[in-house]
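1. 3D, please:
(one chain, ligands or ions: 1)
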Amino acid sequence: MLLLTLAAAACVPSTGGKPAVLLERQPPSAEASAEAPDGEVEPPEVPPPTDTPADAVLTIDYRVEVRSPDPDLADAATTITSVLEDPRGWQQANIDFRQSPDAPYTILVVEGEEAQALCQPYDVGGRFSCQNGPLVVLNAIRWREAVPHWPGDVASYRTMLINHEVGHLLGMHHLRCTEEGAVAPVMEQQSGTLRGCRANPWPTPIELALAATHQFVIAPAPLDVAFPQ
Ligand SMILES: [Zn+2]
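-> Predicted structure coming up:
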């Protein structure tokens, strides 16, 4: 049985059986925190509601920019659009992703140095990706190479990367799989470690149920606190 709560504690005690998924107290989109202590900053426990009720379609207008001369990234924009339009993705949470040249949200694929700059005040070490306000910054290093412990192909890693960071754009925080062998939430920091869980590039049913409430702040800004380096 899955136990999920918006508790403030870094780990949520189970009231009956070991929880398979926990919400963590972590900055919403600092992937460098995979190598940094957890629990240094605290996101809002109960985010203020959006203007979109759960039974209405939440429209996310976005555009894609691939800022790299690397020919291997030439099809990145097509891949991103394909993932966002995939029926296995966040659209199941009653979310409509629409491409528009004047969109308020931008999904970028950039090299490490630019990712480091765009993600500030998060320190992504030039290697990780982030969501920073209206920007979803996908690091080209990870896009090309995935991570050594990823058990699938690079295409499935890219799918996970897109869904994870766009999940942050939707206001989703990190989730943690704590039961060995369970399917990792897509909001698990799978680029850091799989914790014995099964790699997963798509949002899980419980993540979709959370996102479908439309109660999260869209495109959250970095918290106004110092981030652990
Ligand atoms: Zn994240």
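2. where's the lengthiest helix in the chain relative to the chain centroid, distance-wise?
-> Counting residues, the longest helix in the chain under DSSP state H turns out to be helix 154-169. Distance of helix 154-169 from its chain centroid, counting by CA atoms, centre = their mean, to the nearest Å, is 7 Å.
3. again with stretch 67-74
-> With CA atoms, centre = their mean, you get 23 Å for stretch 67-74.
4. what does stretch 66-73 give?
-> 22 Å.
5. what residues of it count as buried?
-> Neighbour counts over stretch 66-73 (16 or more other CB atoms under 10 Å) mark 66, 68, 73 as buried. Bear in mind the C-beta positions are built from the backbone N, C-alpha and C, glycine included.
6. quick check, nearest of the residues you listed to residue 209?
-> residue 66 (32.4 Å; CB to CB).
7. got the contact list for the closest one?
-> By CB atoms under 8 Å, 6 or more residues apart in numbering, the contact set of residue 66 is 73-74, 76-77, 108-109.
8. correct me, but residue 166 touches residue 107?
-> Yes: counting by CB atoms under 8 Å, residue 166 touches residue 107, with 7.2 Å between them.
9. give me the element the nearest residue to residue 73 once chain neighbours are set aside is part of.
-> The shortest distance from residue 73 to any non-neighbouring residue, by CB to CB, 6 or more residues apart in numbering, is to residue 66 (5.4 Å). Using DSSP states H and E, residue 66 sits within strand 58-67.
10. I'd like the average pLDDT over the helix or strand following that strand.
-> Following strand 58-67 in sequence order, the next helix or strand is helix 76-85 (DSSP H and E). Across helix 76-85, the average pLDDT comes to 98.
11. burial of residue 217, as a residue count?
-> Neighbourhood size, residue 217 [other CB atoms under 10 Å]: 15.
12. numbering from 16 from now on, please.
-> All set: I'll call the first residue 16, so the last point we hit is now residue 232.
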